[in-house]
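Peer 1: Here is a sequence with its predicted model. Questions after.
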Amino acid sequence: LHINPQWAPDGASIYFIANPEGIPDIYRYTLAGGNIARVTSVQTGISGITDMSPALSVASKSGDIAFSLFEDDNYNIYTIPASRNTGTVAAEVPSGTPRAAILPPLRASGSEITTYLNTPEQGLPPANVNFEERRYDPSLRLAYLGPPTIGATVGGDYNAVGGTVAAYFSDILGQHNVGVSFQGGGGASSNIADQLAGSVFYLNQKNRVNWGGELVHVPYITPYYNITTEVINLDGQLVNADVYEEIRQIETFTNVTGVTQYPFSQTRRVEAQAGFQRYASKSEVERFFSVGGQIVGRDTNELGGGFTVNLWTASTAFVGDSSTYGFVSPIRGTRYRYEIEALRGDLNFQTGLADWRKYFYKRPFTLAVRGLHYGRYGEDAESGRLRDLYLGQGSLVRAYESYSFNPALECGTQAEGCPVFDRLVGSKLLTGSVEVRAPLLGTPEFGLISASFLPTEIFAFADGGAAWTSDESVTWSYKTGDTNERIPVFSAGLGLRILLSYIPIEIWAAKPFQRPNEQIVYGFNITPGW
């Protein structure tokens with residue numbers, strides 16, 4: 001076997017992998033004299049994943065050699081400097097010499113293994129058999145079905161039902177890929193169109209340049225509550241009624257995008273996107289009238305101040321992902337995305353994203369590090385028609401979620417607003433996170449306790465970040481939060497992630513250091529680790 005030839009920088013010799021003694025090693029062939037020199041002598045063999053996989057590379061300028069060596073049930077990469085790869089003259093192996101790759105009793109008679117090796121054609125169909133051929137069928141088949149969910153609320157005059165479903169389809173070669181998702185919920189708005197969300201995408205991977213498109217429609221509904229009293233006409237009589245108001249701000253995002261991707265390797269690619277986005281914002285109020293603890297009426301009215309923004313977009317990104325996943329989060333490797341986007345239309349601005357993540361694995365622990373910046377720049381970057389960026393969203397800086405704030409306790413009656421909350425929003429964000437992860441329950445190979453039926457990861461974390469605008473910069477100093485300044489915020493805590501069927505569940509508890517009136521905040525998410 002002679003494979004993987006590589007020219008030396010001088011052009012006068014060739015390196016290659018051969019196994020004359022049964023174990024693959026690196027040899028050097030000199031063109032001028034026809035001499036063959038042995039460069040390595042290893043015990044387990046220089047090889048890739050298969051017998052014919054490339055396992056050798058020679059630097060085009062320095063002449064240094066890099067090769068893949070299988071040892072300790074893993075593939076490791078080693079290098080040899082050019083000054084040490086001249087090798088020794090390889091002796092010719094005498095005919096009949098036992099080869100290291102042959103198991104005892106070598107070629108002795110009576111061995112079942114020898115019998116199989118001497119009759120390699122056994123079990124194969126005859127050479128003259130003609131197999132039926134047919135054209136490749138690119139039809140799509142279900143490759144993945146996300147766990148469906150459904151929920152319902154029933155009671156009195158207020159009933160609602162909702163659920164989600166997602167599916168992924170592909171052909172047998174993975175050349176054509178389609179994904180769909182749908183989410184619906186009743187009761188959150190008077191308009192059924194504001195309660196439906198969904199997406200569909202197509203990606204063609206038949207050629208080196210991949211292409212596709214995506215359609216997304218997502219409504220964001222944010223409720224606010226208020227209680228007042230009002231005199232109403234009830235069966236011809238004027239009575240005092242308690243009025244429970246639910247004020248709903250409804251923002252709808254619709255996006256049509258075309259995308260192209262060019263992969264440099266299995267872990268790195270560049271991609272470009274272009275499309276159209278539409279943002280629509282409106283508000284409505286639903287009122288419930290209560291007399292003597294009984295709901296006697298309700299009405300829904302649309303409030304003023306709505307608007308619509310139409311934008312044409314174009315973006316380019318450099319993406320990398322060499323990470324290896326555990327049960328619920330990456331445990332080793334690197335992930336990153338660097339992206340710039342231009343938006344033109346009713347508003348004109350640019351966005352920039354730099355998201356870098358690194359995972360250091362030392363069995364059974366993983367040290368995960370993340371740094372992220374996202375910002376809007378340009379003449380309309382601060383427009384009030386755009387949603388504010390928020391530090392407490394998702395897993396950016398935990399323990400600062402908007403739902404966890406108590407305005408009466410944390411904001412007081414300051415005329416200038418609520419500094420504890422206001423410092424979390426802006427047009428630009430910078431965040432960083434560190435996590436130490438360990439598989440508590442899992443398999444014997446990956447788990448402190450063997451319990452593969454409920455994979456569970458425990459983790460400790462520290463988050464930090466800052467938000468700012470073009471008019472209001474950050475005061476880069478550590479303070480506990482009892483200040484009106486726009487300062488960075490930090491939190492630290494513990495948590496666990498559970499893979500329940502196919503659903504990743506994250507539960508955590510954290511101390512927010514820039515919320516002086518809060519000790520511990522608890523969180524629950526349906527999401528894998530970042």
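Peer 2: In hand now; what should we look at?
Peer 1: Could you point out the longest helix of this protein?
Peer 2: helix 112-118 (DSSP state H).
Peer 1: got the residue ranges for the strands in the stretch 151-300 of the chain?
Peer 2: 160-170, 176-185, 196-204, 210-234, 237-263, 268-291, 294-321 (DSSP state E, counting those that start in this stretch).
Peer 1: If the spatially closest residue to Tyr220 that is not a sequence neighbour is in a bridge, with which residues?
Peer 2: Nearest non-adjacent residue to Tyr220, counting by CB to CB, 6 or more residues apart in numbering: Glu251, 4.5 Å away. All C-beta atoms are positioned from the backbone trio N, CA, C, and that covers glycine. Beta-bridge pairing of Glu251 under DSSP bridges involves Tyr220, Ser281.
Peer 1: quick one: Glu251 and Pro219 touch, right?
Peer 2: Yes: between Glu251 and Pro219 there is a contact under CB atoms under 8 Å: 7.1 Å.
Peer 1: So those two - more neighbours on which side?
Peer 2: Pro219 (20 against 17; other CB atoms under 10 Å).
Peer 1: Please report how far that one lies from Ala193.
Peer 2: 8 Å (CB to CB, to the nearest Å).
Peer 1: tell me the contacts of the residue nearest to Tyr220?
Peer 2: The contact partners of Glu251, by CB atoms under 8 Å, 6 or more residues apart in numbering, come to 219-222, 279-281, 387.
Peer 1: what's the closest of the residues you listed to Gly352?
Peer 2: Taking CB to CB as the measure, Gly352 lies nearest Arg387 of the contacts of Glu251, at 17.1 Å.
Peer 1: What count of nearby residues applies to that closest one?
Peer 2: 12.
Peer 1: Mind checking the pLDDT average for stretch 138-145?
Peer 2: Averaged across stretch 138-145, pLDDT comes to 87.
Peer 1: cool, and stretch 203-215?
Peer 2: Stretch 203-215 comes out at a mean pLDDT of 94.
Peer 1: sorry, back to before: of the strands of the stretch 151-300 of the chain, which approaches Asp482 most closely?
Peer 2: strand 210-234 (26.7 Å).
Peer 1: What are the buried residues along the closest one?
Peer 2: 210-212, 214, 216-217, 219 (16 or more other CB atoms under 10 Å).
Peer 1: before we move on, what about stretch 197-210?
Peer 2: Buried-residue list, stretch 197-210, by 16+ other CB under 10 Å: 197-199, 201-203, 205, 210.
Peer 1: okay, those residues in a markdown table with distance to Thr119 next?
Peer 2: Shown next, in a markdown table, are the buried residues of stretch 197-210 (distance: CB to CB, whole Å):
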| residue | distance to Thr119 |
| --- | --- |
| Ala197 | 62 |
| Gly198 | 59 |
| Ser199 | 56 |
| Phe201 | 52 |
| Tyr202 | 50 |
| Leu203 | 47 |
| Gln205 | 41 |
| Asn210 | 46 |
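Peer 1: now, among these, which is nearest to Ser491?
Peer 2: Closest to Ser491, out of all of those and judged by CB to CB, is Ala197, at 29.7 Å.
Peer 1: what sits against the closest one?
Peer 2: Contacts of Ala197 (CB under 8 Å, 6+ apart): 182-184, 217-219.
Peer 1: Then Gly326?
Peer 2: Per CB under 8 Å, 6+ apart, neighbours of Gly326: 366, 437, 439, 442, 446, 457.
Peer 1: Let's see if you can find the most crowded of these.
Peer 2: Glu457 (27 neighbours).
Peer 1: Retrieve the pLDDT associated with that one.
Peer 2: Looking at Glu457, the pLDDT reads 96.
Peer 1: Can you list the low-confidence ranges for the stretch 151-300 of the chain?
Peer 2: Scanning the stretch 151-300 of the chain for pLDDT under 70 picks out the ranges 151-162, 185-191.
Peer 1: Now with 90, please.
Peer 2: 151-166, 172-174, 182-197, 218-253, 266, 280-300 (pLDDT under 90).
Peer 1: In the sheet, which residues pair with the nearest residue to Phe365 once chain neighbours are set aside? Tell me.
Peer 2: Once flanking residues are discounted, Phe365 sits nearest to Ala438: 5.2 Å by CB to CB, 6+ apart. Counting by DSSP bridges, Ala438 forms beta bridges with Ile458.
Peer 1: Could you do Arg376 as well?
Peer 2: Where Arg376 sits in a bridge, its partners, by DSSP bridges, are Thr351.
Peer 1: how far away is it from Ser470?
Peer 2: Where Ser470 is concerned, Arg376 sits at a distance of 9 Å (CB to CB).
Peer 1: for the strand or helix carrying Glu339, packing partners?
Peer 2: Using DSSP states H and E, the element containing Glu339 is strand 330-345. Here strand 330-345 touches strand 294-321, strand 324-325, strand 349-362, strand 365-377, going by 3 or more CB pairs under 8 Å, 6 or more residues apart in numbering; DSSP states H and E.
Peer 1: what do you get if the cut-off is 7 Å, keeping everything else the same?
Peer 2: Judged by 3 or more CB pairs under 7 Å, 6 or more residues apart in numbering; DSSP states H and E, the packing partners of strand 330-345 are strand 294-321, strand 324-325, strand 349-362.
Peer 1: which parts of it are buried?
Peer 2: Neighbour-count burial for strand 330-345, counted by 16+ other CB under 10 Å, picks out 330-333, 335-337, 339, 341-343.
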